[in-house]
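S.K.: My questions concern the predicted model and sequence given below.
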Amino acid sequence: MADEHPAPADGGVIRVLLVDDHQVVRRGLRTFLEVQPDIEVVGEAADGAEGAARAAELRPDVILMDVKMPGTDGIEALRLLREAGDRAQVLVVTSFTEQRTVVPALRAGAAGYVYKDIDPGALADAIRSVHAGHVLLQPEVAEALLTLDGSGPAAGTRGRGATLTDREREVLCLIADGRSNREIARALVLSEKTVKTHVSNILMKLDVSDRTQAALWAVRHGVGP
């Protein structure tokens, strides 16, 4: 049962749900991940709707999600998870590299996007990374986002950053680096309350709903240390 597992933040394992319509892919992922001492595969699903339902039942920490699936695809599954208030980090693992697939997945709430030919060890590290709150994009994905022109999906969003103060940009850089409010407060010698205020202002000014989306905005627009 979900409550019987120690919380990862307290040193427990990372609970992972696999969502992919190909059984052979799920089996391969499970076989590899089950030998990782800090990762446990708690369930599988063959499409997005089943994945969202299984997430509600199993409460995984990380969901490995394919994009193109019959029935409910990965993008719709991400929307279902967001609407349900699910707090799992979603790592998209797919063979599709087109911007028209990447950008909607990230906008729908994915915390990372990697390709199915990723090295197994790198995939385990990717799971750990998104679970720790980092935004994870393979270099080709980040490049695709950063080269979007004015007619692409990012059109109309670049001007939002102009309203950020210098301090807010510093905070945004640290958010993009996966830092918690406590870590940001330490780094900038601020109180956590002040950091929370800055984070709220950043989310409002960028018109994004959470820290992950703010970090993705920073990646897309080249805001970083």
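M.R.: Arrived safely.

S.K.: Averaged over its residues, which helix or strand of the protein has the lowest pLDDT?
M.R.: Using mean pLDDT, DSSP states H and E, the weakest-scoring helix or strand in the chain turns out to be helix 139-146, at a mean of 61.

S.K.: OK, contacts around Ala53?
M.R.: When the contact criterion is CB atoms under 8 Å, 6 or more residues apart in numbering, the partners of Ala53 are Ala45. Quick note: C-beta positions are derived from backbone N, CA and C, even for glycine.

S.K.: where's Ala214 relative to His198, distance?
M.R.: With the distance defined as CB to CB, to the nearest Å, Ala214 ends up 11 Å from His198.

S.K.: And these two? Which one has more around it.
M.R.: His198 (24 against 21; other CB atoms under 10 Å).

S.K.: which residues of the protein score low on pLDDT?
M.R.: Scanning the chain for pLDDT under 70 picks out 1-11, 96-100, 138-162, 222, 224-225.

S.K.: which residues touch the lengthiest helix in the chain?
M.R.: When the chain is parsed with DSSP state H, its longest helix is helix 192-206. Identification of contacts with helix 192-206 by CB under 8 Å, 6+ apart yields 157, 160-161, 163-164, 167-168, 171-172, 175, 181-182, 184-185, 188, 190, 209-211, 213-214, 217.

S.K.: Walking through this protein, point out its strands one by one.
M.R.: 14-19, 39-45, 62-65, 89-94, 112-115, 136-137 (DSSP state E).

S.K.: partners of the fifth one in the sheet?
M.R.: Strand 112-115 pairs in its sheet with strand 89-94 (parallel), strand 136-137 (parallel), by DSSP bridges.

S.K.: So which residues make contact with the longest one?
M.R.: Residues from elsewhere that reach strand 89-94, judged by CB under 8 Å, 6+ apart: 20, 29, 61-68, 74, 78, 81, 101, 105, 109-116, 118, 123, 126-127, 130-131, 133, 136, 212.

S.K.: okay, the angle between it and strand 14-19?
M.R.: Between the direction of strand 89-94 and that of strand 14-19, the angle (axes from the mean of the first three to the mean of the last three CA atoms, to 10 degrees) works out to 40 degrees.

S.K.: Can I get strand 89-94 in CSV? Just the C-alpha atoms.
M.R.: The C-alpha atoms that make up strand 89-94 are tabulated as CSV, following Å, rounded to 0.1, in the frame of the first residue of the first chain:
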residue,chain,number,x,y,z
GLN,A,89,6.7,14.4,-11.6
VAL,A,90,6.2,13.2,-15.2
LEU,A,91,9.2,12.3,-17.3
VAL,A,92,8.2,11.9,-20.9
VAL,A,93,10.1,9.0,-22.5
THR,A,94,9.4,8.9,-26.2
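
S.K.: So for that strand, what gets flagged as buried?
M.R.: Of all the residues in strand 89-94, those buried under the rule 16 or more other CB atoms under 10 Å are Gln89, Val90, Leu91, Val92, Val93, Thr94.
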